[in-house]
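>>> Provide a 3D model corresponding to the input given below.
(2 chains)
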Amino acid sequence: MPRILMDAEPLLSVRNLKTYFQQDEGTVKAVDGVYLDMNPRATLGVVGESGCGKSVTARSILRIVDRPGRIVEGEIWFRRPAANGGPGSHAVDLAKLEPNGLQMRSIRGAEIALIFQEPMSSFSPVHSVGNQIVEAIMLHQEIGRREARDRAIQMLRRVGVSSPDQRIDQLAHQLSGGLRQRAMIAMALSCSPTLLIADEPTTALDVTTQTQILELMRQLQQEDGMAIMLITHDLGVIAEMATDVAVMYLGRVVEQAPVDAIFHAPKHPYTRALLRSIPRMRARSRERLTPIAGSVPHPYDRPAGCPFHPRCPDFIAGTCDREPPAPRAVGDRHIVSCFLYE
Amino acid sequence: MLAYIGRRALLAIFTVWAISMLAFVIIQLPPGDYVSSYIAQMASMGSVVTDEEAQNLRIQYGLGQPIYVQYWKWMKQIAEGNFGFSMEWRRPVTEVIGERLWLTVVVAVSALLLTWVLALPIGIYSAVRQYSIGDYAATFVGFIGLAVPNFLLALVLLYLGFTLFNAHIGGLFSPELQDAPWSLARVWDLLKHLPIPALILGLAGTAQQIRIMRANLLDELRKPYVVTARSKGLSEPRVIVKYPVRMALNPFASTIGYTLPYIVSGSIIVSLVLGLPTVGPLLLKALISQDMFLAGTIVLLLGIMTVIGTLISDIVLVWIDPRIRLEDT
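Numbers count the residues shown, from 1 in each chain, chains lettered A, B, ... in the order given. The predicted structure is shown next:
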């Protein structure tokens, strides 16, 4: 049963999240003050270069950040439906929960599910696919093994796995890449989560399979009504799937807006530069792409102030290199962290 | 899967055959034939072997005939349960080895079990809590265990046992039960004596296995399927034990094969120091005194045990890793 939430309030609201990795060599501020808002049923695309903190943000929300990573500050408000399935809902701050405590574990997998890039290695190579799906179902639902197995088969059928009653007993390496990602989606959605975090779900797949998987996710979203956080560095995928977009740079969300606003009226200099750097369909032949000037700073050596200021064409000396800019609304659901709009 | 085990079993039989050739070569190694050295041995003790007796022995072992005939006769006798005659002990080899073989197996297997019982949880802990104080402690103790020769450890324990508790910790039985027939009391006595030799013999292996387990598990803990398991909401111990530990067990299981002979052959000096009634010291003595039928038999039996150990580890591997099972079909 899909869980019904009112659309008015955000499903997920991340406030000033900071996840640091304290190491002998220094502190890596992988996530350094992230603000995010997600509505129920929405698809939020999270884009940014490699190492900008997209995945760590996702893992922070699930509270499965690897050692020595730790949430040092911030709030992650997640709205849960009423316990008995009745109307009403309440929000919990995931950042305050014990990562391996009962409450967090009852949310993880059941209300927030994760699929990620490597469909090959995300399944255990020595357990059957079915064993791993049934495990997830039985963990969060009070049903017997036989019933859980039936539900897993049903789920595999829904995601388009042919002869699911045979596939269920196979090992991951006996399935093709596309089928594995389908099985992964079946497992993630087996407990009807309200939020699905997809961390580069199609990066390892070929283009045809990629389109099929994205189509499948969209279809399942319409049926089940979950929200999807789609992490990717592929702006094409974003344009195709997302209702809203959050652009990340060096551990911060620099701009969040509805997808049309991002592509047609980007505000932040980084978003603009990012859009200029992708090839266009209707470009003149042999037209040069404009790369973003400079390179991403070393994680131990983050610039003070706005992290983008050393590469920013609109850099304001004495302002941008002092304090990081605070997020500011510049339009309907359009939020930018930049001194140009202060 | 059956085809896989069948193929392994076939290989095992072939290996045993090769070992039997080796044992036969060992028996043939000393200069002169067996009967001449037997006669010389007897003469040195003052008894005389008649020509008729000598002739019978020569026929029995096919001496003077081609080497493959001799080998064949030896194998035939073994099939009948006759492993030859020990000159040193002047008794049939089977009688000399007697229960020593089984005691060797008992000591080796308990050392192996102890190795696992210790290495598995410590290795898991060391990997999951990498660079913690407990990990460093396990590493430290482990390397000491690896570096100290086990006979030295045996000597130290003997000394400590004697000076501190005035107890003799050697042997596998109390003196009064040494030659007693098997009874519950004797089994209990054996169990009481077993931990010390098992610990001494198993320590180096334990240290090694801790390192293997730790390294394997550290590799596995970073794999995406662990994140998947965690993201389902499984409890952390369940995540670790069901997924990465299961994977890390693979190389662990394949060590059964070579740990067994390592413990048996590595136990000779320890067995001498502790006075354990195992085949190790017997083999040493037999080799020194050129008691060739005894030595050959022991080599043959140890070889067969090793092959069986390897076969067991192969079967365990198939059982814990379904991928091997599937490769075959």
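>>> scan chain A for its longest helix.
In chain A, taking DSSP state H as the definition, the longest helix is helix A:207-224.
>>> how far out from the middle of the chain is the helix or strand just after that one?
Following helix A:207-224 in sequence order, the next helix or strand is strand A:227-231 (DSSP states H and E). Between the mean C-alpha location of strand A:227-231 and the chain-wide mean there is a distance of 5 Å, by C-alpha atoms, centre = their mean, to the nearest Å.
>>> relative to the whole chain's centre, how far out is the helix or strand that comes right after strand A:227-231?
Per DSSP H and E, strand A:227-231 leads on to helix A:235-241 as the next helix or strand towards the C-terminus. Centre-to-centre, helix A:235-241 and its host chain are 14 Å apart (C-alpha atoms, centre = their mean).
>>> any idea of the mean pLDDT for helix A:235-241?
In this model, helix A:235-241 has a mean pLDDT of 90.
>>> which residues of the chain fall in strands?
With no chain named, the answer covers chain A. Counting by DSSP state E, one finds strands in chain A at the ranges A:12-23, A:26-38, A:43-47, A:69-81, A:89-93, A:112-116, A:195-199, A:227-231, A:244-249, A:252-258, A:328-331, A:334-336.
>>> looking at chain B here, not the other one
B:85-86, B:91-92.
>>> worst average pLDDT in the ones you listed?
strand B:85-86 (a mean of 78).
>>> got a list of contacts for it?
Strand B:85-86 is contacted from outside by B:38, B:91-93, B:96, B:286, B:291, B:293-294, using C-beta atoms under 8 Å, 6 or more residues apart in numbering or on different chains. (Each C-beta comes from the backbone N, C-alpha and C, glycine too.)
>>> can you add distance to A:Val72 and give these back as JSON lines?
Shown next, in JSON lines, are the contacts of strand B:85-86 (distance: C-beta to C-beta, whole Å):
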{"residue": "B:Tyr38", "distance to A:Val72": "84"}
{"residue": "B:Arg91", "distance to A:Val72": "77"}
{"residue": "B:Pro92", "distance to A:Val72": "77"}
{"residue": "B:Val93", "distance to A:Val72": "73"}
{"residue": "B:Val96", "distance to A:Val72": "72"}
{"residue": "B:Ala286", "distance to A:Val72": "70"}
{"residue": "B:Asp291", "distance to A:Val72": "74"}
{"residue": "B:Phe293", "distance to A:Val72": "75"}
{"residue": "B:Leu294", "distance to A:Val72": "71"}
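>>> residue in the stretch 201-329 of chain B with the shortest distance to chain A?
Closest residue of the stretch 201-329 of chain B to chain A, C-beta to the nearest C-beta: B:Gly233 (3.4 Å).
>>> can you pull the pLDDT of the closest residue in space to that residue that isn't next to it in sequence?
Distance criterion C-beta to C-beta, 6 or more residues apart in numbering or on different chains; nearest residue to B:Gly233, sequence neighbours excluded, is A:Gly109 at 3.4 Å. Per-residue confidence (pLDDT) for A:Gly109: 91.
>>> A:Gly109 and B:Ser231 touch, don't they?
Yes. Using C-beta atoms under 8 Å, A:Gly109 is in contact with B:Ser231, at 6.1 Å.
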